[in-house]
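# Fold the stuff below for me.
(one chain, ligands or ions: 1)
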Amino acid sequence: MSLLAVGSVAMDTIETPFGRVDNVLGGSATYIATAASYFVAPIRLVGVVGGDFPREYIDFLESREIDLEGLQVVKSGKTFRWGGRYQYDLNTRETLFTELNVFEHFNPIIPPAFRKSTYICLGNIDPEVQRKVLEQIEKPRLVVGDTMNFWIKGKKKELLATLKRMDIVIINDAEARQLTEEANLIKAAKAIIRMGPKMIIIKKGEHGALLVTERTIFSAPAYPLEIINDPTGAGDAFAGGFIGWIAKTDDLSEENCKRAVIHGSALASFCVEQFSLNRLKDLTSIEIQDRFREFRELSKFDAEVLV
Ligand code: AMP
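Numbering: from 1, shown residues only. I've put the predicted structure just below:
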């Protein structure tokens, strides 16, 4: 099975109540590919960076067996930069700056070897770039996509066109409300289903995730962590864990999608423990399996006893 991730590759500046980091490795494609790399290898990454992108970040991605043939390096340009600040409520964040830089004129060119990829994860990025990527892929088995407030506000028309081509949308609660102008999340999910995708997963930060189809609602808890340093990338780590599990098992049944939601939640829970990708650097498969089992324990109860 082959998995292609497209999205931003970034240098992030992040402030949380627990610290501050400058120009650390970030970006939606980076988090997706790293999280998914725990399930399938190699992950194919499509994105762009500038001449200032540190060699050690490339080395890190390569160490996770991420195939960088689709990563364009624009020597004369600057890498995409994003700054965000979190207060004690880590569910809400303030964007301090978004410098698109080399992403402003990014024309994704999918290397011939990547065009037959089976699983596609469209990370948060300009919806027009997402569409251009899909146009170059031959018959993918599954297209999963994400987006964010920046694009809902700035490129809604383009986003609605790209949404039609996604099978599964992964989006956070505030963005689902913003996209549909619907306060109730279930109604918002159903409104997004009417926009094209067959399944939608709404991420609710520390309150878990909801999987919604025409017929089903599945609710997954978030892992109750005591130490969260940096929520950045949780949504993308979720998407990477989700599609990584689906690609590894090659099973698109609804039951397997529920297992994929738990794997996504597990990867997201590791992600937020430390700044940037530090916790996602060297997880073991035992750690991931243990956390998957802990998720089962979290919401297991004896339903036999009636009051
Ligand atoms: P998440 O916390 O999962 O929503 O994703 C955080 C990552 O998204 C950060 O590492 C940023 O570099 C990246 N990011 C922030 N804004 C944008 C944007 N407008 N387009 C693409 N990527 C972005």
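# Return the residues of this protein in contact with the ligand.
8, 10, 12, 26-28, 82, 98, 124-125, 148, 150, 232-236 (CB under 6 Å from any ligand atom). From N, CA and C alone the C-beta is placed, and that goes for glycine too.
# out of those, which are inside strands?
Counting by DSSP state E, those place 10, 12, 26, 82, 98 in strands.
# CSV for the residues you listed, including distance to Phe60 and neighbour count?
Formatted as CSV, these follow (distance: CB to CB, whole Å; neighbours: other CB atoms under 10 Å):
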residue, distance to Phe60, neighbour count
Ala10, 14, 29
Asp12, 14, 23
Gly26, 12, 27
Trp82, 18, 21
Thr98, 23, 17
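# okay, among these, which ones form the most distant pair?
Gly26 and Thr98 (12.0 Å; CB to CB).
# what touches both of these two?
Trp82 (CB atoms under 8 Å, 6 or more residues apart in numbering).
# From Glu287, how far out is the residue in the stretch 151-300 of the chain that the ligand sits nearest to?
Taking CB to the nearest ligand atom, the ligand has its nearest neighbour within the stretch 151-300 of the chain at Gly235, 3.1 Å off. Going from Gly235 to Glu287 by CB to CB, to the nearest Å gives 21 Å.
# Looking at these two, which one has more neighbours?
Gly235 (26 against 14; other CB atoms under 10 Å).
# which ones are touching that one?
Here Gly235 is in contact with 124, 146, 170, 172, 203, 268 (CB under 8 Å, 6+ apart).
# can you list those in JSON lines and add secondary structure?
JSON lines is the format used below for those (DSSP: H, G, I helix; E, B strand; the rest coil):
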{"residue": "Asn124", "secondary structure": "coil"}
{"residue": "Asp146", "secondary structure": "strand"}
{"residue": "Ile170", "secondary structure": "strand"}
{"residue": "Asn172", "secondary structure": "strand"}
{"residue": "Lys203", "secondary structure": "strand"}
{"residue": "Ala268", "secondary structure": "helix"}
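# quick one: which of those residues has the most company?
Ile170 (30 neighbours).
# That one touches Val143, doesn't it?
No. Using CB atoms under 8 Å, Ile170 is not in contact with Val143, being 11.4 Å away.
# Pick out the residue closest to the middle of the chain.
What sits nearest the mean C-alpha location of the chain, by CA atoms, centre = their mean, is Asp236, with 2.2 Å.
# Could you find the closest non-adjacent residue to that residue?
Spatial nearest neighbour of Asp236, excluding adjacent residues (CB to CB, 6 or more residues apart in numbering): Tyr31 at 3.4 Å.
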